[in-house]
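Engineer: please work out how this folds:
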Amino acid sequence: MQAFAALLEALVYAPQRNAKLRIIESWLAGSADPDRGLGLAALTGELVLPHVRGGMIRALVESRVDPLLFGLSRDYVGDLAETAALIWPAGGGTSSPRAPSLAEVVAALTAASRDEAPALVAGWLDVFDASGRFALLKLATGALRVGVSARLAKTAVASWGGVPLADIEEVWHGLAPPYLPLFAWLEGRTPPPAPGDVAVFRPMMLAQPLDEGELGGIAAADFAAEWKWDGIRVQLAGRGAPGAAAGAVFSRGGDEISGAFPEISGALCFSAVLDGELLVVRDAVVGPFNDLQQRLGRKGPSRGLMRQHPAHVRLYDILREDGEDLRTLPFQARRARLEAWFARMSPARMDVSPLLPFEDWADLAALRADARDAGREGLMLKRRDSIYVAGRPKGLWFKWKRDPLTVDCVLMYAQRGSGKRSSYYSDYTFGCWRTGDQGAELVPVGKAYSGFTDAELVELDKWVRGHTVERFGPVRAVAPGLVLEVAFDALQPSQRHRSGIAMRFPRIRRIRWDKPAEQADTLENLRVLLPPHLD
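Structural biologist: Numbers count the residues shown, from 1 in each chain. Modelled structure (predicted):
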């Protein structure tokens, strides 16, 4: 466990991606099974331990420390696990002085009941130092927040093992922690692990944002164009036929989301792997992203929810057909295979995203200009000769998104960030003016934590601290005096928000130090930006 604690501590203090890669590689080389596999599962989000939640940790700490002191410390530090690790009175229990290994911690927490888990965690907190306590709490809650994504961790495994990242990702979903067959293969002791009877995720090909200044150097005839739909990218791994091993629906990052969309996973009665966009479609009309959001994250949606928000996949590409890998074919050939396959199979709840006819970039610019009114995000441009390559290769696929909408809002609340931002108020809730019987009032319309530089973050944090009017734990309410120009992709109605609207991908575009708060936009100005059929 101490080795895992040292790993997390090193990752926290390594700001650069390459430095994190080297740290993980060194840890893999110096660790033994099963600890290295369990640590890898924690880094990739694959390790789920029951019964340890933030409320339990707070209760444990408050049983040993003055709750007021803990609350003030939590507000200052900004991270629950870090605060608990630092403030916990070491050696205060009667547990064995021997610190458990990572594998022992995982095994004990996996077997423990909800009532048994607090005593286990308290005993371990007594024997670990601050670094070990921090690692234990991060591991147990699953909230590592050390700047390592699942893909970065897999990249480190690939680099350490001397194999392409795509090879790791292709076997990943056929394995479970602690990944003993994976390490045996990478160390040359066994052949590559076979996926067996599970559906396997193939790493997805992604598009680069289009720099319009580069259009003059790109031949329009070399590209095919289609709409960029406002859903989530998915991969469908077909199961072959009824009664065969189950197929799966994967998100762009490779997470299986089949349980949230049983009407889609139940339709995978074919031997193919498809790339597409998951949408809500009613009577051939694509619903707003907010409709799809009602389905995301639910492991078992009700029949009523599925009826109200019917899932649909608009297909972009075909990667495998009847066991044949098609990714090395050019896009144009894959597209022909997709259309022929779809005409033959006619799978339920799916259609093929149409290709758009155009002569030159001016034609596409005109289509893009109308994308918002049509409820689309913009355009996708794909080289006709491009093979399907994992990651975001340069010059093959482009996304030409519609221009964002902007509105001037007033900062209302600020919350402490996490990780390296835990000492700053970096998450901002902002609002617009609404006029009522009692005069003008600010109504929250969104929240953002991106779009500003590190230097601007320091200025914003200083302003928040100097204009605080109320405190709610890690959140501060501020006097209405700072205007933020907020960019967002779309607006949609929302019954969950007091304003009645919700922003899609809000981010801070500019800090309007020059603009008086009373001159910020009104809720009526914002509602004008709703699509006509949603207002």
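Engineer: which intervals of the stretch 1-150 of the chain have sub-threshold pLDDT?
Structural biologist: In the predicted model of the stretch 1-150 of the chain, residues 91-97 satisfy pLDDT under 70.
Engineer: and for the closest residue in space to residue 200 that isn't next to it in sequence, the neighbour number?
Structural biologist: Nearest residue to residue 200 in three dimensions, chain neighbours excluded: residue 173, at 5.4 Å (C-beta to C-beta, 6 or more residues apart in numbering). In short, each C-beta sits where N, CA and C put it, glycine included. Other residues near residue 173 come to 19 when the count uses other C-beta atoms under 10 Å.
Engineer: do the one 10 residues further on as well
Structural biologist: Residue neighbour count, defined by other C-beta under 10 Å, stands at 22 for residue 183.
Engineer: check residue 264 too.
Structural biologist: Neighbours of residue 264 using other C-beta under 10 Å come to 24.
Engineer: what lies in contact with the helix or strand hosting it?
Structural biologist: Element membership of residue 264 [criterion: DSSP states H and E] is helix 262-265. Residues from elsewhere that reach helix 262-265, judged by C-beta atoms under 8 Å, 6 or more residues apart in numbering: 236, 246-249, 258-259, 278, 301, 306, 310-311, 313, 349.
Engineer: and these, which two are furthest apart?
Structural biologist: Farthest-apart pair in the contacts of helix 262-265 is 246 and 310; separation 21.4 Å (C-beta to C-beta).
Engineer: my read: the residue nearest to residue 200 touches residue 193, true?
Structural biologist: No. With contact taken as C-beta atoms under 8 Å, residue 173 and residue 193 are classed as non-touching, separated by 10.9 Å.
Engineer: helices of the stretch 401-535 of the chain, start to end?
Structural biologist: In the stretch 401-535 of the chain, the helices defined using DSSP state H, counting those that start in this stretch lie at 454-466, 523-527.
Engineer: any idea how far the closest residue in space to residue 129 that isn't next to it in sequence is from residue 128?
Structural biologist: Distances taken as C-beta to C-beta, 6+ apart place residue 90 nearest to residue 129, at 7.0 Å, with adjacent residues excluded. Noted for residue 90: a distance of 8 Å to residue 128, by C-beta to C-beta, to the nearest Å.
Engineer: same deal with residue 437?
Structural biologist: In terms of C-beta to C-beta, residue 437 sits 58 Å off from residue 128.
Engineer: if we can go back for a sec, neighbour-wise, which of residue 246 and residue 310 wins?
Structural biologist: For residue 246 and residue 310, the more surrounded residue by other C-beta under 10 Å is residue 310, and the numbers stand at 17 against 13.
Engineer: before we move on, back to that, looking at the helices of the stretch 401-535 of the chain, which is buried most?
Structural biologist: helix 523-527 (a mean of 16; mean count of other C-beta atoms under 10 Å).
Engineer: for the record, mean pLDDT for the helix holding residue 264?
Structural biologist: Mean pLDDT, helix 262-265: 93.
Engineer: immediately after that helix, which helix or strand?
Structural biologist: strand 272-282.
Engineer: buried ones in that next one?
Structural biologist: Neighbour-count burial for strand 272-282 flags 272, 273, 274, 275, 276, 277, 278, 279, 280, 281 (criterion: 16 or more other C-beta atoms under 10 Å).
Engineer: with respect to residue 8, which of those residues is nearest?
Structural biologist: Distances from residue 8 to the buried residues of strand 272-282, taken by C-beta to C-beta, are shortest for residue 278, at 34.0 Å.
Engineer: what bridges to the closest one?
Structural biologist: residue 232, residue 313 (DSSP bridges).
Engineer: quick revisit: just the buried residues of the helix holding residue 264, please?
Structural biologist: So, applying 16+ other C-beta under 10 Å, buried residues of helix 262-265: 264, 265.
Engineer: now do the domain split for the protein, please.
Structural biologist: 2-141, 208-401, 405-534 (automatic domain parsing).
Engineer: any idea how far residue 214 is from residue 367?
Structural biologist: 19 Å.
Engineer: more crowded one of these two?
Structural biologist: Between residue 367 and residue 214, counting by other C-beta under 10 Å, residue 367 is the more crowded of the two (19 against 10).
Engineer: quick check: the more buried one is in a strand.
Structural biologist: No. Checked against DSSP: H, G, I helix; E, B strand; the rest coil, residue 367 lies outside a strand; its state is helix.
Engineer: residues contacting it?
Structural biologist: Counting by C-beta under 8 Å, 6+ apart, residue 367 makes contact with 225, 356, 358, 379.
Engineer: let's go with 6 Å and repeat that
Structural biologist: By C-beta atoms under 6 Å, 6 or more residues apart in numbering, no residues touch residue 367.
Engineer: can you give me the pLDDT of it?
Structural biologist: 91.
Engineer: measure the residue most central in space within the chain to residue 170 for me?
Structural biologist: Closest to where the C-alpha atoms of the chain average out (C-alpha atoms, centre = their mean) is residue 253, at 8.0 Å. Applying C-beta to C-beta, the value for residue 253 to residue 170 is 15 Å.
Engineer: likewise for residue 265?
Structural biologist: 20 Å.
Engineer: just residue 496 next, same as before
Structural biologist: Using C-beta to C-beta, we find residue 496 at a distance of 39 Å from residue 170.
Engineer: with residue 66 instead?
Structural biologist: Using C-beta to C-beta, we find residue 66 at a distance of 53 Å from residue 170.
Engineer: residue 299 now?
Structural biologist: 26 Å.
Engineer: which of the two has more residues huddled nearby?
Structural biologist: Applying other C-beta under 10 Å to residue 299 and residue 170 shows that residue 170 carries more neighbours, namely 17 against 9.
Engineer: and the more buried one, what helix or strand is that in?
Structural biologist: helix 165-172.
Engineer: state the mean pLDDT of the very next helix or strand once past that helix.
Structural biologist: Using DSSP H and E, the helix or strand that directly follows helix 165-172 along the chain is helix 180-186. Averaging pLDDT along helix 180-186 gives 94.
Engineer: quick one: stretch 353-370 to chain centroid distance?
Structural biologist: Distance of stretch 353-370 from the chain centroid (C-alpha atoms, centre = their mean, to the nearest Å) equals 30 Å.
Engineer: next: stretch 136-148.
Structural biologist: Chain-centre distance of stretch 136-148: 16 Å, with C-alpha atoms, centre = their mean.
Engineer: buried sites along it?
Structural biologist: In stretch 136-148, the ones that count as buried by 16+ other C-beta under 10 Å are 136, 137, 138, 139, 140, 141, 144, 145, 146, 147, 148.
Engineer: repeat that for stretch 51-61.
Structural biologist: Quick answer for stretch 51-61 (16+ other C-beta under 10 Å): 51, 52, 56, 57, 58, 60, 61.
Engineer: can you give the contact residues for that stretch?
Structural biologist: 70, 80, 84, 114, 117, 118, 122, 140, 141.
Engineer: mind running it again at 8 Å?
Structural biologist: Under C-beta under 8 Å, 6+ apart, the answer for stretch 51-61 is 70, 80-81, 83-84, 87-88, 109, 112-114, 117-118, 121-122, 125, 137, 140-141.
Engineer: among these, name the buried ones.
Structural biologist: 70, 80-81, 83-84, 87-88, 109, 112, 117-118, 121-122, 125, 137, 140-141.
Engineer: picking up where we left off before, can you tell me which of the contacts of helix 262-265 are in helices?
Structural biologist: residue 306 (DSSP state H).
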